[in-house]
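got a predicted structure here, sequence first:
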Amino acid sequence: MDLIEFYDKIEEHPDLCGKVACVEIGEDEDAIDCMAIDHIPSNTTVTIPIDAIESASWENVRDVLTGEKDPIQLYHWTRVVGYYSRVDNWNKSKIGELKDRHKGSYSIE
């Protein structure tokens, strides 16, 4: 789902018309990693990663925000030098190496 569509849906929903705040989690100060949405009836705030908003349908996002569905948090694990490691605690350079590895360009020049 597109972020503009997401904002429109939040504004239209009677229980989710609270504030939408940007939460910066990554090292890049200008990057927006998550959105924090207030659920007015329950007086709770739900934080959703931008990636999850862009890859999910509005129905799934709405159900998580209103408490009708429990969120499922997924972690990216990868195998490096014989052991598995969670990617979310890696630094920028290690993430860059992982992205380069995923391109699949293994030719030797």
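Sure thing, it's come through. Numbering: from 1, shown residues only.

ok now whichever strand or helix holds residue 100, how far from the chain's centre?
Following DSSP states H and E, one finds residue 100 within helix 92-103. Remark: helix 92-103 is offset 19 Å from the chain centroid, using C-alpha atoms, centre = their mean, to the nearest Å.

now do stretch 60-74
Remark: stretch 60-74 is offset 13 Å from the chain centroid, using C-alpha atoms, centre = their mean.

mind saving the C-alpha coords of it as PDB?
Extracted C-alpha coordinates of stretch 60-74, given in PDB (Å, rounded to 0.1, in the frame of the first residue of the first chain):
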ATOM      1  CA  ASN A  60      -4.500  -6.300   7.500                       C
ATOM      2  CA  VAL A  61      -3.000  -3.000   8.700                       C
ATOM      3  CA  ARG A  62      -6.400  -1.800   9.900                       C
ATOM      4  CA  ASP A  63      -7.000  -5.000  11.800                       C
ATOM      5  CA  VAL A  64      -3.700  -4.700  13.600                       C
ATOM      6  CA  LEU A  65      -4.200  -1.100  14.400                       C
ATOM      7  CA  THR A  66      -7.700  -1.600  15.800                       C
ATOM      8  CA  GLY A  67      -6.600  -4.700  17.800                       C
ATOM      9  CA  GLU A  68      -8.700  -7.200  15.900                       C
ATOM     10  CA  LYS A  69      -5.600  -9.000  14.800                       C
ATOM     11  CA  ASP A  70      -2.300  -9.600  16.600                       C
ATOM     12  CA  PRO A  71       0.700  -8.300  14.800                       C
ATOM     13  CA  ILE A  72       3.400 -10.800  13.700                       C
ATOM     14  CA  GLN A  73       6.900  -9.500  14.000                       C
ATOM     15  CA  LEU A  74       9.400 -11.000  11.600                       C
END
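
report the rounded mean pLDDT for it.
Mean pLDDT, stretch 60-74: 78.

quick one: buried residues of that stretch?
Neighbour counts over stretch 60-74 (16 or more other C-beta atoms under 10 Å) mark 61-62, 64-65 as buried. Glycine gets a C-beta too; all of them are placed from N, C-alpha and C.
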